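In: Below are the sequence and a predicted model; questions follow.
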Amino acid sequence: MRRRLPALPLLAVASTLVLGACTNASEASAPEAGQTAAAAVPSYDVSAVEKVDEIAAMLPADFDGTLTVGDNLQYAPAEFLGGPDGQTPTGYDVDLAEALGRVLGAEVEVKHAEFASIIPAIGTQYEAGIASISINAERLEQVNMIAYISAGSTFSVQAGNPRDLDPADLCGTTMGVQTGTIQDEDADALSAACTDAGSEPVEVLRYSSQADVTTNLVGGKIDVMYADSPVGQYAALQTGGQVEQLGDVTDAAPQGIAVAKDDAELTAALQAAMQRLMDEGVWTDILDTWGVSGALETAELNPAV
């Protein structure tokens, strides 16, 4: 996984933009007057996804009819707690799990867990893990992984890029990051590269929540936001287009659905179901709903990394 610490749901961005105050007011400035309210949290209706009998028949004979999914519900927009009660599993990974269940003719139960505990519990507490899990060699030794999305890092700026920033040269800018993320670690290296080249350093402002980073980008306190690509892309949706991506996604790598190594039948069924959602365009539609790109076209099992 690319994150280091739990990220607060970007649903918080909606309240910060409407109320003109940040989650951590001591660190962040309010948006300027006249800014528009954020969009509502989206969701994808999976009810039109139909069961595919030949794929459902691939399930193990002892499958009890419920696909139990381990997830860490602290990483918007992929997975977080939302809904009217603020306690409903929400996000594109949750929508994906429900869509896979529809193809398989199975009920789906998404269970929250600490991220580090998910893979060790695959095959005992959970049939699958769908939690923005980056595929790497260490994880491939422990579980099967079915690739479904590619994610990396992105820079974001105010809509229209009013400072005409170049993603290849951000020296002298003020950059916002969420503490504990990969981008938090990388920002200092970016700044050091600037000074090594004789340019102005990047001023790095760190915030405890992604909502604060996004709000301060919209409000103009920071020039550029540095975040995981799904997070940055979702920020554009949640701010009603007041934020846009600058340049391409960098350091992109696949994420995968984790399944037990010794459960070949369930692995094959989930791989076939994932491929079905890709082929029918459902997976792309889910991500489009959340304003996120990166959908893979092939549900490759245990890709080389």
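Out: Nice, thanks for sending it over.
In: What strand or helix carries L96?
Out: Assigning secondary structure by DSSP states H and E places L96 in helix 92-104.
In: Please apply the same query to T68.
Out: Per DSSP H and E: T68 is located in strand 66-71.
In: what's the average pLDDT for the helix or strand that comes right after that strand?
Out: Sequence-wise, the next helix or strand downstream of strand 66-71 (DSSP H and E) is strand 74-75. In this model, strand 74-75 has a mean pLDDT of 90.
In: Strand 74-75: partners in the sheet, and parallel or antiparallel?
Out: Using DSSP bridges, strand 74-75 pairs in its sheet with strand 79-82 (antiparallel).
In: chain center to the partner strand, what's the gap?
Out: Between the mean C-alpha location of strand 79-82 and the chain-wide mean there is a distance of 11 Å, by C-alpha atoms, centre = their mean, to the nearest Å.
In: now swap in stretch 65-74 and tell me
Out: Its chain's average C-alpha position is 16 Å from that of stretch 65-74, according to C-alpha atoms, centre = their mean.
In: what's in contact with it?
Out: Residues outside stretch 65-74 that contact it (C-beta atoms under 8 Å, 6 or more residues apart in numbering): 6-9, 79-81, 89-91, 93-94, 97, 100-101, 104, 106-115, 117-118, 121-122, 125-131. (Each C-beta comes from the backbone N, C-alpha and C, glycine too.)
In: Pull out the buried residues from it.
Out: Neighbour-count burial for stretch 65-74, with 16 or more other C-beta atoms under 10 Å as criterion, is recorded at 67-74.
In: Span of it from start to end?
Out: With C-alpha to C-alpha, to the nearest Å as the measure, the ends of stretch 65-74 fall 27 Å from one another.
In: for stretch 188-203, same thing?
Out: Taking C-alpha to C-alpha, stretch 188-203 runs 9 Å from one end to the other.
In: buried ones in that stretch?
Out: The neighbour-count criterion (16+ other C-beta under 10 Å) identifies 190-191, 194, 201-202 as the buried residues of stretch 188-203.
In: Could you dump these into a markdown table with secondary structure, pLDDT and distance to Q158 added?
Out: Putting these into a markdown table (DSSP: H, G, I helix; E, B strand; the rest coil; pLDDT from 0 to 100; distance: C-beta to C-beta, whole Å) gives the following:
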| residue | secondary structure | pLDDT | distance to Q158 |
| --- | --- | --- | --- |
| L190 | helix | 97 | 19 |
| S191 | helix | 97 | 21 |
| C194 | helix | 98 | 21 |
| P201 | coil | 98 | 21 |
| V202 | coil | 98 | 17 |
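In: so which pair among those is furthest apart in space?
Out: Maximum pairwise distance among the buried residues of stretch 188-203 (C-beta to C-beta): 9.0 Å, between L190 and P201.
In: Only the buried subset of the contacts of stretch 65-74, as a PyMOL command please.
Out: Command for PyMOL that selects the buried part of those, burial taken from 16+ other C-beta under 10 Å:
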select buried, resi 7+8+9+79+80+81+89+90+91+93+94+97+100+101+104+106+108+110+112+113+115+118+121+122+126+127+128+129+130+131
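In: Among the contacts of stretch 65-74, which are located in helices?
Out: Filtering these for membership in helices, criterion DSSP state H, returns 93-94, 97, 100-101, 104, 115, 117-118.
In: Closest to Q233 out of those?
Out: Nearest to Q233 among those is D93, at 14.6 Å by C-beta to C-beta.
In: And T179, how far from D212?
Out: The gap separating T179 from D212 is 10 Å, by C-beta to C-beta, to the nearest Å.
In: gap between stretch 189-206 and the chain center?
Out: Counting by C-alpha atoms, centre = their mean, stretch 189-206 comes out at 27 Å from the chain centroid.
In: Alright, I will stop here.
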